[in-house]
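Student: what shape does this take:
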Amino acid sequence: MALESFLDKESQRRVVEAIGVAEKCTSGEIRVHVEPTCKCGDPYARAVEVFDRLEMYKTDARNGVLIYIAYKSRMLAVIGDKGITDKVGVNFWVGEKDILTEYLRAKKPAEGLCEVIKMIGENLSKHFPYQKDDVNELSDEISYEAE
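Tutor: The predicted model follows:
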């Protein structure tokens, strides 16, 4: 099963573009990972596994954020790296998670992802403002894992 069963090519392009735009106002890094089912049954634990596998901890300020979606399992998580969590706490992304859940229920995943990515960028900018010498430390592409 391919990523296109959840997000068509145009939707994928829009999500990647939203990440690029959001990262223009913050030194933070945003990634999206999609898979059909949550392999361990706990979306937060699975997001941590994916975060580590994608080596998202390899940012200078430890300010990466992962949006994890298991669309068939109807599970998701939004997690931030240590640099973010130390400043705002682990439950900081609850609002974004709730908004994305509503969009997914309405079968509008791209719209939800774009909205939440924008919100994450705005929230990150408060704690990790964009630096003129900022380097894109992590890929903006959507990562995907099949069943």
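Student: after the worst-scoring helix or strand of the chain on mean pLDDT, heading C-terminal, what element do we hit next?
Tutor: Least confident helix or strand, the chain: helix 82-88 with a mean of 90, by mean pLDDT, DSSP states H and E. Heading C-terminal from helix 82-88, the first helix or strand you meet, by DSSP states H and E, is helix 94-105.
Student: and the host helix or strand of residue 10, what's its mean pLDDT?
Tutor: Residue 10 is part of helix 9-22, with elements assigned from DSSP H and E. For helix 9-22, the mean per-residue pLDDT is 97.
Student: one more: stretch 51-60?
Tutor: 95.
Student: just checking, what packs against the helix holding residue 10?
Tutor: Packing partners of helix 9-22 (3 or more Cβ pairs under 8 Å, 6 or more residues apart in numbering; DSSP states H and E): strand 29-35, helix 109-127. Every C-beta, even on glycine, is put in place using the N, C-alpha and C of the backbone.
Student: picking up where we left off before, can you list the buried residues in the least confident helix or strand of the chain?
Tutor: Residues of helix 82-88 classed as buried: 83-85 (neighbour count, 16 or more other Cβ atoms under 10 Å).
Student: what packs against that helix?
Tutor: helix 109-127.
Student: buried residues in the helix it packs on?
Tutor: Buried residues in helix 109-127, counted by 16+ other Cβ under 10 Å: 109-121, 123-125, 127.
Student: give me the number of residues near residue 2?
Tutor: Using other Cβ atoms under 10 Å, residue 2 has 8 other residues around it.
Student: tell me which element the residue positioned nearest the centre of the chain is part of?
Tutor: Most central in the chain under Cα atoms, centre = their mean is residue 67, positioned 2.6 Å from the mean C-alpha point. For residue 67, the host element (DSSP H and E) is strand 64-70.
Student: for residue 5, see how far away residue 92 is.
Tutor: Residue 92 sits 31 Å away from residue 5, going by Cβ to Cβ, to the nearest Å.
Student: what's the answer for residue 38, then?
Tutor: 16 Å.
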